[in-house]
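Peer 1: Let me see the structure of the following:
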Amino acid sequence: MHFEQNISRKTGMPPGTPIYIGDEAPKETTIHLLVYSDQNISGFEQVSPEELTTNIQQGSNAWISITGLRDVALIEQVLNSFSIHPLVTEDILNTRTRSKIEEFDEYLFIVMTHFQRSEDEMHEEQVSLILTNNILITCSNSIGMFPNIENRIKRSTSRFRTNGIDYLAYTIIDTIVDGYFFVLEDLEERVEDLEDEIVNNPGKDTINHVQDFRRDLIWFRRKIWSLRELITRLERTDSLLIKNTTHLYLRDVYDHTIKIAEDVDVYREMAEGLMEIYLSKISNNTNEIMKVLTIIANIFIPLTFIAGIYGMNFEYMPELTSPYGYPAVLLVMSMVSATMLLYFRRKEWI
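Peer 2: Okay, the predicted model is just below:
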């Protein structure tokens with residue numbers, strides 16, 4: 001069931017109306033809190049909106065993870081407690097939002113698409129980030145706190161303890177961008193398989209496979225360009241929420257997006273080349289078939305001529321009354337056919 005049909009329900013409603021929109025059913029909403037500083041760290045699970053403000057200590061960094069978008073009222077209550085604009089809440093609940101960044105006076109709002117590989121399948125999930133002075137709020141339908149990042153924060157010697165909350169935001173963004181390389185690996189495997197299929201055994205479905213690959217490339221290219229625009233704006237922003245030290249790390253993320261965009265362009269050119277190779281292969285196969293049919297037709301033309309002469313049934317045709325007429329005609333036909341086949345062979349037409 002596609003819940004994108006909920007878009008029609010928003011017709012006529014005021015901007016900022018919170019309604020879940022997505023391709024899959026929203027999961028149960030849970031809130032997790034991780035509070036840390038250079039000295040201490042505390043984790044809280046299944047916390048209520050009221051407990052968030054009481055457990056966030058002054059001078060500490062706080063990571064609030066909202067997983068599951070089913071309870072719209074609860075999500076709205078949490079975000080309202082931090083004075084988040086209703087339009088931001090609307091974009092969080094719309095899992096079809098393109099990757100983007102919006103700058104507000106007190107916070108930055110970032111939307112990204114996260115790709116995950118599980119059991120040889122690729123899944124995409126929208127992740128929304130709200131970065132304030134010392135609080136980072138992440139929202140998604142199925143992705144909670146990234147386990148590898150959470151484990152790194154718990155180490156007392158990790159950089160998270162001595163850097164601001166913007167470093168945590170950078171780490172999550174970098175992790176999401178790294179997920180795009182999994183998609184590139186799949187695209188590389190697909191283009192190699194298509195190349196082998198086209199060269200060795202093109203079939204009726206080959207053209208459909210190439211078209212599907214090109215369509216997926218266009219879809220992924222749109223994801224990349226919106227991501228590239230997001231990282232560019234984030235790396236060049238003059239917001240005080242992003243420290244100069246974090247800007248250095250964001251440059252590295254920007255380089256990754258450039259690399260991904262360049263690889264996608266290469267695969268796009270390869271896809272166009274595959275289409276040309278396929279059409280050329282089909283044309284060559286057609287020419288081979290036509291060549292064989294032409295050779296067969298050229299062999300039978302003189303044979304048909306000979307048979308036509310002796311099929312006129314004139315009364316005064318000595319070959320018709322000769323006991324050797326029939327085998328003689330067959331011998332002549334065989335010699336003509338053999339001569340033509342030998343000629344075609346020397347010309348390397350067969």
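Peer 1: What are the boundaries of the strands in the stretch 101-250 of the chain?
Peer 2: All strands of the stretch 101-250 of the chain, identified by DSSP state E, counting those that start in this stretch, fall at 108-118, 121-131, 135-140.
Peer 1: quick one, which of those is packed in tightest?
Peer 2: Among those, ranked by average contacts under mean count of other C-beta atoms under 10 Å, first place goes to strand 135-140 (a mean of 23). For every residue, glycine as well, the C-beta is placed using N, CA and C.
Peer 1: one step back: identify whichever of the strands of the stretch 101-250 of the chain lies nearest to residue 70.
Peer 2: With respect to residue 70, and counting by C-beta to C-beta, the nearest of the strands of the stretch 101-250 of the chain is strand 135-140 at 12.3 Å.
Peer 1: what angle separates that closest one from strand 108-118?
Peer 2: Put simply, strand 135-140 runs at 50 degrees to strand 108-118, going by axes from the mean of the first three to the mean of the last three C-alpha atoms, to 10 degrees.
Peer 1: Pull up the pairing partners for strand 135-140, direction included.
Peer 2: strand 61-67 (parallel), strand 121-131 (antiparallel) (DSSP bridges).
Peer 1: for the stretch 1-150 of the chain, which spans come out with low pLDDT?
Peer 2: Scanning the stretch 1-150 of the chain with the threshold set as pLDDT under 70 gives 1-12, 119-120.
Peer 1: The most centrally placed residue in the chain and residue 196, how far apart?
Peer 2: By C-alpha atoms, centre = their mean, the chain has its centre lying nearest to residue 220, at 4.1 Å. Remark: distance between residue 220 and residue 196 (C-beta to C-beta, to the nearest Å) = 22 Å.
Peer 1: now residue 24
Peer 2: Taking C-beta to C-beta, one finds residue 24 at 34 Å from residue 196.
Peer 1: Also residue 144?
Peer 2: Per C-beta to C-beta, residue 144 is found 40 Å from residue 196.
Peer 1: Compare those two (neighbour count), which wins?
Peer 2: residue 144 (16 against 10; other C-beta atoms under 10 Å).
Peer 1: Could you find the closest non-adjacent residue to that one?
Peer 2: residue 67 (4.2 Å; C-beta to C-beta, 6 or more residues apart in numbering).
Peer 1: Residue 18 contacts residue 93, doesn't it?
Peer 2: Yes. Counting by C-beta atoms under 8 Å, residue 18 touches residue 93, with 5.4 Å between them.
Peer 1: who's more crowded, these two?
Peer 2: Counted by other C-beta under 10 Å, residue 18 and residue 93 do not tie: residue 93 has more neighbours, with 24 against 18.
Peer 1: So for that one, what's the nearest residue that isn't a sequence neighbour?
Peer 2: residue 20 (4.9 Å).
Peer 1: neighbours around the one you found, how many?
Peer 2: Residues near residue 20, counting by other C-beta under 10 Å, number 18.
Peer 1: Please determine how far it is located from residue 48.
Peer 2: 21 Å.
Peer 1: what do you get for residue 221?
Peer 2: As for residue 221, its distance to residue 48 is 43 Å (criterion: C-beta to C-beta).
Peer 1: try residue 182
Peer 2: Taken as C-beta to C-beta, the span from residue 182 to residue 48 is 36 Å.
Peer 1: again, but for residue 220
Peer 2: In terms of C-beta to C-beta, residue 220 sits 40 Å off from residue 48.
Peer 1: same thing with residue 212?
Peer 2: Counting by C-beta to C-beta - residue 212 and residue 48 are separated by 47 Å.
Peer 1: Can you spell out the domain ranges of the chain, please?
Peer 2: Listed by automatic domain parsing, the domain ranges of the chain are 1-159, 163-288, 289-346.
Peer 1: Return the mean pLDDT over the second one, rounded to an integer.
Peer 2: So that's domain 163-288. Summarised as a single mean, pLDDT over domain 163-288 is 90.
Peer 1: quick one: contacts for residue 275?
Peer 2: Neighbouring residues of residue 275 by C-beta atoms under 8 Å, 6 or more residues apart in numbering: 210, 214.
Peer 1: Number of residues surrounding residue 88?
Peer 2: Counted with other C-beta under 10 Å, the neighbours of residue 88 add up to 20.
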